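> What follows is a predicted protein model with its sequence.
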Amino acid sequence: MRLTFLLLSLTLVANAADYHLELSPETSRINWKLGAVLHTVHGTFKVKRGDIHFDPDTGKASGEVVVDAATGESGESGRDSRMQKNVLESLKFPQVTFAPDRVEGKVELNGTSNVRLHGTFNIHGVSHEITMPVQVMARQEHLTANARFDVPYVEWGMKDPSTFILKVSKLVEVECIAEFNLRD
């Protein structure tokens, strides 16, 4: 009887260490910025779904966040159409994903934490290992994660939309604001 109780207790403790975060697509967003010669272009993407599991004791993480590549908007339909067709090729590569594998630093489940999130970023059909700084604000069973990172899109195999007259940066600055609910 004592052995059964001990095993049950250890199982409950082990399961309690793993947190499941369910992304709220309607309140999450991806903002991006691309510098150009005469101006900076700002835009957004919509988040489709996401679930992340992490162990705050070990830092191990798993799961996936999925962004709909076809939702990229900058506020100018002609530019957006060229971005979808020529750069992102969103008909061929409809999703951009991030799959975390570890959290570096301690995530406080009540208050603000600054951590680094490591994982695999897949865009345009190719996976890239990245580590990004993330500020996590947690209260009760709700977390907001704000991550910033650069995407060297030309280096990663996407077409440079620059023309003879208009030159744009080879890096897109990305800000991900993700809202999560803590699940059992």
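Arrived safely, thanks for sending. Residues are numbered from 1 along each chain as shown.
> For the rest of this, base every contact and every neighbour count on C-alpha atoms.
Will do.
> Helices along the protein, start to end?
2-16, 77-82 (DSSP state H).
> how about low-confidence regions in the protein?
Within the chain, the ranges that satisfy pLDDT under 70 run 1-17.
> please redo it, this time with the cut-off set to 90
1-18, 36-39, 56-57, 108-110, 140, 163-166, 182-184 (pLDDT under 90).
> what's next to stretch 171-184, contact-wise?
For stretch 171-184, contacts defined as C-alpha atoms under 8 Å, 6 or more residues apart in numbering pick out 19-25, 27-35, 141-154.
> How far away from the center of its chain is it?
5 Å (C-alpha atoms, centre = their mean, to the nearest Å).
> For it, output the C-alpha coordinates as CSV.
What follows is stretch 171-184 as a C-alpha-only set of coordinates in CSV (Å, rounded to 0.1, in the frame of the first residue of the first chain):
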residue,chain,number,x,y,z
LEU,A,171,16.2,41.3,-42.7
VAL,A,172,12.6,41.3,-41.6
GLU,A,173,12.2,42.3,-38.0
VAL,A,174,9.5,40.2,-36.3
GLU,A,175,7.6,40.8,-33.1
CYS,A,176,5.4,38.0,-31.9
ILE,A,177,2.8,38.8,-29.2
ALA,A,178,1.3,35.5,-28.1
GLU,A,179,-1.5,35.1,-25.6
PHE,A,180,-1.7,31.7,-23.8
ASN,A,181,-4.0,30.1,-21.4
LEU,A,182,-2.6,27.5,-18.9
ARG,A,183,-4.3,24.2,-19.3
ASP,A,184,-4.2,21.0,-17.3
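> Contacts only, for the closest residue to His42 other than its chain neighbours.
Among residues not flanking His42 along the chain, Lys33 sits closest, at 4.6 Å (C-alpha to C-alpha, 6 or more residues apart in numbering). Residues in contact with Lys33 (C-alpha under 8 Å, 6+ apart) are Thr40, Val41, His42, Gly43, Val172, Glu173, Val174.
> So what's the residue count around the nearest residue to Ile30 once chain neighbours are set aside?
Leaving aside its sequence neighbours, Ile30 sits nearest to Cys176 (C-alpha to C-alpha, 6+ apart; 4.6 Å). Around Cys176 there are 19 other residues, counting by other C-alpha atoms under 10 Å.
> distance of Cys176 from Pro161?
23 Å (C-alpha to C-alpha, to the nearest Å).
> Leu143 now?
36 Å.
> what about these two, which has more around it?
Leu143 (23 against 16).
> Run a quick check on the more buried one versus Val136, I expect a contact.
Yes - counting by C-alpha atoms under 8 Å, Val136 is a contact partner of Leu143 at 6.6 Å.
> Can you select the buried ones from the contacts of Lys33 in PyMOL?
Burial among the contacts of Lys33 is assessed by 16 or more other C-alpha atoms under 10 Å; the matching PyMOL selection reads:
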select buried, resi 41+42+43+172+173+174
